[in-house]
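A.B. asks: From the sequence below, what's the structure:
(chains A, B, C and D)
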There are 2 protein chains.
Amino acid sequence: MTKGGPQARQRIVAGAADMISRRGLNATSIREMAKHAEAPLGSTYHYFPEGKQQLATEAVRYAGETIARMLRKELEAGPVAGLRAFLGLWRTIVIDTEFRAGCPVLAVSIEEPPPGEIPPALAAAAAVFDDWEKLLANSLREHGAAPGQAEQLATLTVAAVEGTVAMCRAKRSIEPLDRTAEQLQALIAGAIKG
Amino acid sequence: MTKGGPQARQRIVAGAADMISRRGLNATSIREMAKHAEAPLGSTYHYFPEGKQQLATEAVRYAGETIARMLRKELEAGPVAGLRAFLGLWRTIVIDTEFRAGCPVLAVSIEEPPPGEIPPALAAAAAVFDDWEKLLANSLREHGAAPGQAEQLATLTVAAVEGTVAMCRAKRSIEPLDRTAEQLQALIAGAIKG
DNA sequence: CTCTGGCTATAACGCTCGTCATAGTCTAGC
DNA sequence: GCTAGACTATGACGAGCGTTATAGCCAGAG
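C.D. replies: Numbers count the residues shown, from 1 in each chain, chains lettered A, B, ... in the order given. From the prediction side, this is the model:
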């Protein structure tokens, strides 16, 4: 049986991350998230009593952790290998979904917060970006890059990939990602040698 | 008088671009766009008979042209000057709006299109990115960069800036943009010398 | 068997959405 | 002044939204 039980919670979170990565947070309704996960609407409020914000927050963290785990593993073979895996992951997502999906973390980042407060989903997105950057920067430093350079390069890499994925979706072409990939690889390869 | 007349059309488009850059396309309603431009709701359907899609398309083109015009002008002083102006523009937007606004072109790019068709606003976003890239690439080539390198660097620049602006919004900090700025400036300065 | 507590089913709340229709107002040109 | 056409005012349409409430199911502990 794939339905019911606590594993439904997991399915809802994963499905929410997927839907947010396609349509953005605001265009993704709780009803659709439930349907997509084959869970009843009532269950979403059972598992996520704080409503949509909580669900979005967990979806962002889930996607962030999934990618961070992959990054950590691939970075063991060095920064260039890690970068290649990072780029390859996004390449697969964009192509397999026919340019329909992107990054849920970016999607959450560009929604205006209500005045005077920071929604938890937005804070989670910031934490995910920080996480990814730190993983890259640490690996760069460990392989001989200057500390300041490592930080800047890590930020540039994450930002460029996020931006390029969005550009690929608009253009319905993978070419921007391949161009960005070449530039970043040359950059990072150079930084750990100099 | 600031109300009424054909100049209302302009105000609606400019206001729509601003609102989309803050909340994304889906979270921006026609009613709010009208109110924001101090125009009656009926007027939006008078000026934009195809409804929201048309308004979004014009908003994307408007924002794209505004920035392209600025880029064209600043690039006359060379690629590094153009890049600096580009970065400075986004820096101002992000800071002046207290991390609430970003790029409307990016915002439109990450909305899932209906199956089997490409909404005009998405096509317009792709065209705007192309425009910006071509301006940068041409300037790079004119200043001695190798053609392939120029194209890749232009794509990287646009993507990195777009991605960084989103990161700045999530983190509520301008630091990512300053880091990206340093890296891109070094890169572009290097490319037109070698 | 009974009872408890996790999960589901169903319906409703007030609200906003995109869009359309219709009638009214205003202004320029004759 | 009068008429045409650009613009506005108003209200409605069905639909979907996030959220809440209430009652029901049903496995497993006692």
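A.B. asks: Give the buried residues for stretch A:59-71.
C.D. replies: For stretch A:59-71, the neighbour count (16 or more other Cβ atoms under 10 Å in any protein chain shown) marks A:Ala59, A:Val60, A:Arg61, A:Tyr62, A:Ala63, A:Gly64, A:Ile67, A:Ala68, A:Leu71 as buried. Placement of C-beta: from N, CA and C, glycine included.
A.B. asks: What strand or helix carries the second one?
C.D. replies: I take that to be A:Val60. helix A:52-75 (DSSP states H and E).
A.B. asks: That helix and DNA strand D in contact?
C.D. replies: Yes: under the criterion of Cβ under 7 Å from any atom of the strand, DNA strand D is reached by helix A:52-75 at A:Lys52, A:Gln53.
A.B. asks: any idea which of the buried residues of stretch A:59-71 is the one closest to B:Ala145?
C.D. replies: A:Leu71 (31.4 Å; Cβ to Cβ).
A.B. asks: so the closest one sits right up against A:Leu136, yeah?
C.D. replies: Yes: proximity of A:Leu71 to A:Leu136 meets the contact threshold set by Cβ atoms under 8 Å, at 7.4 Å.
A.B. asks: shared neighbours of the two, which are they?
C.D. replies: A:Gly82 (Cβ atoms under 8 Å, 6 or more residues apart in numbering or on different chains).
A.B. asks: what are the ranges of the helices in chain A?
C.D. replies: A:7-23, A:30-36, A:41-47, A:52-75, A:79-96, A:104-109, A:120-142, A:147-171, A:175-191 (DSSP state H).
A.B. asks: could you give me the average pLDDT of the longest one?
C.D. replies: The reference is to helix A:147-171. For helix A:147-171, mean pLDDT is 98.
A.B. asks: what angle separates that helix from helix A:7-23?
C.D. replies: 80 degrees (axes from the mean of the first three to the mean of the last three Cα atoms, to 10 degrees).
A.B. asks: Can you give me the neighbour number for the closest residue to A:Asp18 other than its chain neighbours?
C.D. replies: Once flanking residues are discounted, A:Asp18 sits nearest to A:Ala101: 6.9 Å by Cβ to Cβ, 6 or more residues apart in numbering or on different chains. When neighbours are defined as other Cβ atoms under 10 Å in any protein chain shown, A:Ala101 has 23 of them.
A.B. asks: how far away is A:Ala101 from B:Glu117?
C.D. replies: From A:Ala101 over to B:Glu117 the distance is 17 Å, taken as Cβ to Cβ, to the nearest Å.
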